Every structure is written in structure tokens, then in C-alpha cells.
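A.B. asks: kindly generate the corresponding structure for this input.
(chains A and B)
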2 protein chains.
Amino acid sequence: MTDQTPLRSGGRAARRAARAKALPDHMRPIRPGMEGGTYKPLTEAGVEAIHRAALTALEEIGLADAPETGVAYLTEAGAVQGDDGRIRFPSALVEDALARANRAVTLFARDPAHDLELSGTRVHYGTAGAAVHLVDVEDNSYRECGVQDLHDAARITDTLDNIHFLQRPMVCRDIPDNREMDLNSIYACCAGTMKHVGVSFTDPDFVANGLELLHMIAGGEDKWRERPFVSNSNCFVVPPMKFATESCRVMEECIKGGMPVLLLSAGMAGATAPSTVAGAIVQAVAECLAGLVYVDAVKPGHPTIFGTWPFGLDLRSGAMTGGSGEQALLTAGCAQMHHFYGLPGGAAGGIADAKMPDMQAGWEQMCSNVMAGLAGLNMVYEAAGMHASLLGFCHESLILGDDLIGQALRCVRGIEVNDETLALDQMREVCLGGPGHYLGTEQTLSRMETDHVYPRLGNRSSPKEWDELGKPELVRNATAKKEEILAQRSRARFDAETDRAIRARFNIHLPA
Amino acid sequence: MTDQTPLRSGGRAARRAARAKALPDHMRPIRPGMEGGTYKPLTEAGVEAIHRAALTALEEIGLADAPETGVAYLTEAGAVQGDDGRIRFPSALVEDALARANRAVTLFARDPAHDLELSGTRVHYGTAGAAVHLVDVEDNSYRECGVQDLHDAARITDTLDNIHFLQRPMVCRDIPDNREMDLNSIYACCAGTMKHVGVSFTDPDFVANGLELLHMIAGGEDKWRERPFVSNSNCFVVPPMKFATESCRVMEECIKGGMPVLLLSAGMAGATAPSTVAGAIVQAVAECLAGLVYVDAVKPGHPTIFGTWPFGLDLRSGAMTGGSGEQALLTAGCAQMHHFYGLPGGAAGGIADAKMPDMQAGWEQMCSNVMAGLAGLNMVYEAAGMHASLLGFCHESLILGDDLIGQALRCVRGIEVNDETLALDQMREVCLGGPGHYLGTEQTLSRMETDHVYPRLGNRSSPKEWDELGKPELVRNATAKKEEILAQRSRARFDAETDRAIRARFNIHLPA
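C.D. replies: Have a look, this model is predicted:
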């Protein structure tokens, strides 16, 4: 569990070492799916007002550009297409879809130990995005990213306790053919991690191939449908209030193929969404409710994640920014709306505007990550590794994100209050004729590993120790850790026969 | 307000520039004293349980080592000294003192624009501590700190919008005589900033000299007593549950001299306080309630800050740690107890264990700072500049802390929900026959400066722009900013006559 060895020797150190070794899962201080919800950025009245505004927007403004199939599904369900082509949603229709929607979704992983149970205020952190650059910390530069970089991100994610899933964070810029890119993205992710994977499809026609590949990985369509371990991150809207025609058709195909769908509305507050935090949330909620009705019309109860992902904008430059306080509020406010509806939801946290994993990156990533967690967001996407307002992905930052998110998860776990933790008995023992300190009490020792989270690369030494250790550098140590991880064989690789079959069927770019 | 100029030219850019210039105080997106309280780490039952446990601890365990004067004050008030010498507090006595205590305290500043109004969930951030090292970022090293370093910290603080007060963050290690050190600390702080200052006294006998110096700075005792601009940071207890005999006498002298008192209980969870978050809060609350009764017995209604400052401990090494999630919970939980009592309160946030202002420092400082703010802590002490678990202070980090805390304050401000921010009218305009985006709406432009916080040194450029700008380095830019600030004359310096009089009376180490 820890990289540092206890400074004290003797019996206590031995007991500590023994404790540090074999902590069963249920005793670990932090776990995926801890319950947040102690932070409520919105008042109850605010939540209701946002809900009512979203319903009004759906009734009066509606959404343009639904594909023909979508128009059929939605009007059949009770939505109304106006002369302007927009689909408008009577509130009763939305309420009915809400009533039927899943309150809990399981996102399966190839290793069942990593299944994610999405419900209530249970919090999970993972990657996501469509970065086009890899951040090279040694060269202090950005370069185009490719399939090997994506695979490496998957392999690193697989080893990090606090990165709970891998949604594809980078685009394979070295694969010009979109079909090949989509298929190789699936391959690169799944061959790198046994955790749940999220991917996109650039064209509805590619979904069938994607499913074929997933059936091969799973060992058959039935096995895939039993435990679909890949979800579809689907930008089904082009904000403001327009369906993304092709993506909607991708969604329909994924639903038919049994793949969970992340309904992703990624407005930019001030550009494609209102500039106010509340307004951007209203629009995102309205768009995702439209998506929910759509999914319900295609297949009621299909596992769906309510993906209100409003992004911030730097209004001075008109450029996207994700590291701001406004972004943290957007995301936390969305989490509260998910709880209001009782829907499994996701949004973006952890984005850095900083170009490198520096102090700015640290404060930016922690701000939205810890607020998302405290707000009880089920899926915190883009939580680690994202720099330059989503344009760059950094492997070292992903590794450091494991420490950062571990700390955020400790905050999500919160403060337990009971007779033992209130510690009155200990206080009596220690103060009234006792040793006058708590260092050796059984409660202190027994809770050392079960209550406290220790950073792996974060340094807590004194200036003197730090000096004696040769002044360890955080980012350099992350690079060393990266090299250590990538020198090992991935446990997620497919068996030789499956791999040969996949390579015979598809043009796989990663070397065998 | 901004270092970046708008990328767009023409009329809009001109309007933006005009807006950016002259934003009156009440329109600024963030201000000192914004109201938090949306984050509640404790349930109501948890708060009550902590309160009851603290009352029980005061009744049954009590506090040892009160000075004779304190024994007299406290037993006269109704506390009971046992055969073991400990002072025990009947609950009714504590409740009476609570009922009489100030619900609001003004911490004055030499410049009234910087007065701090402490009440409810109003949040202020500032420095504090007793670091013995200055962090030299250029040399990547730690060295002993001195009076000039303290003065420089004061001067830097004076220029930073989001550092609202200066409690002495560093010890003048170059002044071996304690009396001279205390007096020179007051001089170095007050000559550097017009904001509220907090200081300590190492001996009750030094308080008279300190007050004499403050009377000279104020222009007379009456002026000092009218607007006392320096408070006494008073470690009146040695946890667990012992009065700090000499500090209590310092407190008595400060109360008589009209100086507000920060009742500071700095237990270390796992060493001098229980290792559990709840237990450490119980003990800190019990100790501060004892202090409150004490102050009330000396002078009812004296301005007092309820300073529950429990610190975290790395239980593996037994060393202090302040950058952890546990620390953020300790501090946020304390804030909630302050609100339960309706008392102005303070605790420690923003501590980094990191030795340098790196990514670790960023995530550590943001975690506790933003959680303290969201919890509505009145005074977030140690919020900027503190490294190596309080052993080192860093000027560059203080400057970067202004950006970090600005972002935290934006989160404290929260999400406004009203008809305008819900933006339904804008959505209608934009979507139904409008431009399809919000970039040019009046609401977007008018809120650019009033709603959004922009970092001063934090970088939001794209990778391409960043490259063209020569890859600006965060910490190097902070050093440049520091040099720019320190090249200017401090507005806080005393007039020549006052300064001569002070120097004639006391041995002032800073050059005139």
C-alpha cells in the first residue's frame, strides 16, 4: 500500500508492516462507488427551477435535426414535430420516460472485480475525451497522439486503483481511416485494461464491426450481451438543442447491440450553451431528457447514463476552458440534477488548462474532481490526464491523478461519527493518568491503514529527509513509474487464438 | 483584471476592454466574505453528537495546567478545580458563555477597505503559521527564514486580491531575542500590508511592548482601541486537554489591551488528538469551548475567533501532514461546528506537504481550501504559501495561491438561479431563428467580467499559442511577479516621523 517505510523500528513497525500488506477490499480506506452527496451547490428551489425550465425548453423550443428514424421513434412515442422540423416534447412524455428509466446501471468490466454499480450518489472516476496530442513531459512539448499512446493509457489505467474505468481519452491520429480508427480504439483499450471501457463511433455503419470485434473478445455474442464491458460515449446532440443526426443513428445501433449508452451533451457555456452556470445546466438537462425519451422510445430500460457535460469557456478569448471554478460548479450542479431525477449520471471533472503537470494542473484537477465527488457524481469523466483544456493527454499526469483522486475519494468517504470515532473513551484514557498522547492507542494503530489514504508518489518527507533523498521530483518519478508499468505484460491481452482471429478479420495496427 | 488581451478585435474587443477596466467592487465576481455553507460534511445528528461529546469531555476530563490567574477567573465563573488540579466545566457554564459570545466579529485593517466581517458562513482566506524555512524555488532548496522574508510576504500579500489577511506565516529566525523577534514581527507585517494582521507573543511580558508599538502605529491608544488592526493568534492549549500556561497569560494581557484573540487549538490527529476525524474535532471543540469560557470570564463579549485547528498526521511516520484528504475533512467539519454554535471561527486550509510549488502542491492546496470555503469557514488560515507540512513558506507559492484561492472563491460564490440565469429567453432567441450560438448575446458579454474569474498567472492558451509564447513556466512567472511587487515601495510603510519614533524606542531590524 505504501512506498514509504515506517520510521520507527521494532514491534510497532512490524505490526504496521503486517497490517499494510493484506488489507481486504472491504477494509480499504477508499473504494470505487463510495457515496457522496454532502455538497449541494443548488438549493431545492434551484433544482426545481432548473427542472421546470428544462421541461419548458423541451415543450417550446424542442430539438432540431433528428434523423428520420428518430423522428419516427419520437413522434410514435408522443413527441410532436413542428412545421419548422423541430421535435417538441410534451412534459407528460418526459415524465413518463423518467418514470420508466433505470435507477441503477451496472457497467461491466472484463474483470468482474471492476464492475461499476451506478446509482444514488456512488462516485467513480475515470478517463475520457478526444485529445489529439500526447504531452511529452521530458521534452516539454506536445505531439500528435496515436494508437500506441492510447494503448499505453489503457495499460497504465489498469494498474491504478483510483482510476475506475477507461473511456477513450485520445484519438488515434495515426489511423486516417475512420472505421479502422474506431475498431483499433476498441482493440487498444480492451487489450490494455480489464476495467470498463468507453468508446465512440464516428459513423453508424461502423457499429456492426465494433460489435463483431467485441463478440470475439467476449467469446461470443451471448457472452457480450450478458456482460457488455464497453459503453458507447454518444454525442447525440449538437448544442444548442439540435440532435446530432449521425450520432443518433449510432445510438440506435448500439442500443440494438446491447451496448450501454452515455447520452453526452457537451455544450460550451457562452458559445453553444448559455453563459450562466444555471442556464448551461438547464440546456444540458433539457438535451439529455430528450435523449432519455429517445432511448426509451427505442428500447425502454436500456442502460443509459445521463451525460450532462457542459463545459466552460474563457469569454475573453472564446476558447474552451475546463480548469475553472465555473467548470467545477457546472459539473457539481449537474450531479445534483441527476440525483433529483434518480438517474445514473456523468459529467466532466479533472480537466486542466495547464499544458504540463504543474501546480496549476494540480489545483485545476483537484477543484472539479473533489467537488464532483462530494456532489456524488456517479461517473466523473476526464478525471485524470487531461491537459490544455482537453487537447492533450499526459501519461505522467494520469499516474499522478491516481494520488489526486485517491485524496478526493477520501474526502468523499467523509467523516464517520459513532461512539468509537468520537473517541471519548480514548480521551479519558489518554488524559486522565494516561500517556498524554494518542500515538500508541489501539485505535490509532488499527485505523492506520483502514482510515488513512497515503499518496504513492506524493511526497510527505521533511525538508531534511527530502534533501537526503536527493530532492525527488514528482513528475520524474511519475515517468519512472510509467516505464515500470509499460515494461510489464498487460494482463488484459487476448489469448493467442482470439488475437489471431481478430487480426485475421480486422486491420489491427498495434503489433501482436 | 486580465493579463490576456481578447483575441477578437473591433467593437466587441473595445467593449470588453472597457468593461475589464473599471469594475466597481460590488460587481467583482469574487470578494472577501462570500457566503459558503453548501457543503456539509457532517449530518445534523453528527454535529449534535460531537457537541455532546465535547460537553462531556469538559465536564468529566476538563483541562489541566491553567495559570493561577486562569484558575481564579474560571472557578469564579463556575468551573470546578478537582484534586488533580484539572478545571472541569459544568455544561450550564459552557452554554451560558456560548449564549453571551459574539456572533459577529470585525477584524479591522489599517485600510478600512480590508476590514473583515466574520459571521455566518462568510469566507476569508489568508496566511498563517510558524514556518522556519523560506522555499527558494530557483535554487530548489530550503533555507532559514528571517525578518526580511516576513516583510516581503506582507508586501506581496498586500497586492493580492484573494489573500484577505496576513497572519504571520514565518518565524524571524535571524532575531534570537524573543522579545525583539515578537516586536519585529509586528513591525515587519504592519509595514508591509494595510490588511488585517495576526501575530503571536512568546511571553506575556512582551505584550505591553507590542501594544505600545501598535499604539504608535495607530497614532494613539484610543485610535488602536477603536480599530484594532492586529489580532493575537493564541495557542492557549497544549492538546490533549491542557491549558498552555504562559499563552493563557498572553491571552489575558491581549484581552486587556483590546486585541482580538484567535483561540487556537492545534492538536495532531493520532498524536495529541484522537486519530479519527470526528474524535479530533471533538477534542478541538472541547478545548476551544474551554477557551471561550475563559475569555468570557475575563471580559464578556471580547472579540474572539473559535480556532479549532486539528492537524493531520501521517501515521506511518508519525510526522505531521497537512495536504491530505483527512486534513480537508478535519477543517471542513470544524467549520460546520462553528456554524452550529454561531461563532466566528477559523481553521487551517491550503497546507501543502509538497516541498516545492509543483502539481502535488496544487492539488493539496486546492483540496482543503475549496472544501473549507464551500463549508463556509470564516477564516481559512495558512491558505497560501505553506509547504513541507508547514515547515517552509514560499513567496512564489503565495502569489500562485492568489489564483488558486480566486478559483476556490468562485466555487464559494456558487450557482445563482433566477429567471435571467436560467436563460430560457436567451435559449428561445438563439435557437428559434437566431444565430445558433450564444457568443454575441448581451447576457454573455455583460457577464464576462462580473461572473467569471480569470487566473493571472494560470495559463489557458492552446498548445500552439503556448508554444508561440515560448512555453511560459508558471513558477518562473511567479518569480517575475514577486520581483515586480518587491521593486515597488510598500503603501503600508509608516510616515517618517512615526517610523523614527518607533526606531528610537525599539530595535527594529529592517532597514529604514
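
A.B. asks: near chain B, which residues of the stretch 201-350 of chain A show up?
C.D. replies: Residues of the stretch 201-350 of chain A that fall close to chain B, judged by Cβ under 8 Å from any Cβ of the partner chain: A:240-241, A:270-279, A:281-283, A:314-319, A:321, A:323-326, A:328-329, A:333. In short, each C-beta sits where N, CA and C put it, glycine included.

A.B. asks: if we go to 6 Å?
C.D. replies: Contact residues, the stretch 201-350 of chain A versus chain B (Cβ under 6 Å from any Cβ of the partner chain): A:240-241, A:270-272, A:274-279, A:282, A:314-317, A:321, A:325, A:328-329, A:333.

A.B. asks: helices - which of these land there?
C.D. replies: Using DSSP state H, A:277-279, A:282, A:325, A:328-329, A:333 are the members of these that sit in helices.

A.B. asks: sec struct for the nearest residue to A:Asn234 once chain neighbours are set aside, please.
C.D. replies: Across the structure, with Cβ to Cβ, 6 or more residues apart in numbering or on different chains as the measure, the residue nearest A:Asn234 apart from its sequence neighbours is A:Met251 (4.9 Å). The three-state assignment at A:Met251 reads helix, by DSSP: H, G, I helix; E, B strand; the rest coil.

A.B. asks: contacts only, for A:Met251.
C.D. replies: A:Met251 sits next to A:234, A:236, A:261 when contact means Cβ atoms under 6 Å, 6 or more residues apart in numbering or on different chains.

A.B. asks: for the nearest residue to A:Gly323 once chain neighbours are set aside, helix, strand, or coil?
C.D. replies: In space, A:Gly323 comes closest to A:Glu364 once its chain neighbours are excluded; the distance is 3.1 Å by Cβ to Cβ, 6+ apart. Secondary structure for A:Glu364, judged by three-state DSSP, is helix.

A.B. asks: kindly report the same for A:Val380.
C.D. replies: Judged by three-state DSSP, the three-state class of A:Val380 is strand.

A.B. asks: can you check A:Ala72 too?
C.D. replies: Following three-state DSSP, we place A:Ala72 in the helix state.

A.B. asks: ok so, going back, show me which pair in the ones in helices among the residues of the stretch 201-350 of chain A next to chain B is furthest apart.
C.D. replies: Distances among those were taken as Cβ to Cβ; the most separated pair is A:Val282 and A:Gly325, at 19.5 Å.

A.B. asks: who's more crowded, these two?
C.D. replies: Regarding A:Val282 and A:Gly325, a neighbour count based on other Cβ atoms under 10 Å in any protein chain shown identifies A:Val282 as having more, with 31 against 28.

A.B. asks: roughly how far does that one sit from B:Ala128?
C.D. replies: According to Cβ to Cβ, to the nearest Å, A:Val282 and B:Ala128 sit 41 Å apart.

A.B. asks: and if you look at A:Gln360?
C.D. replies: For A:Gln360, the distance to B:Ala128 (Cβ to Cβ) stands at 24 Å.

A.B. asks: A:Leu74 now?
C.D. replies: With the distance defined as Cβ to Cβ, A:Leu74 ends up 59 Å from B:Ala128.

A.B. asks: of the two, which one has the most company?
C.D. replies: More crowded of A:Leu74 and B:Ala128, by other Cβ under 10 Å: B:Ala128, with 31 against 27.

A.B. asks: helix/strand/coil for the closest residue to chain B within the stretch 101-250 of chain A?
C.D. replies: Residue nearest to chain B within the stretch 101-250 of chain A (Cβ to the nearest Cβ): A:Tyr142, separated by 4.3 Å. Three-state assignment for A:Tyr142 (three-state DSSP): strand.

A.B. asks: now for it: which residues touch it?
C.D. replies: By Cβ under 6 Å, 6+ apart, the contact list for A:Tyr142 reads A:133, A:392, B:463.

A.B. asks: show the backbone phi and psi for the first one.
C.D. replies: The phi and psi values for A:His133, taken as degrees, to the nearest 10, are phi -120, psi 150.

A.B. asks: please tell me I have it right and it contacts A:Leu390.
C.D. replies: No - counting by Cβ atoms under 6 Å, A:His133 sits too far from A:Leu390 to count as a contact (10.0 Å).
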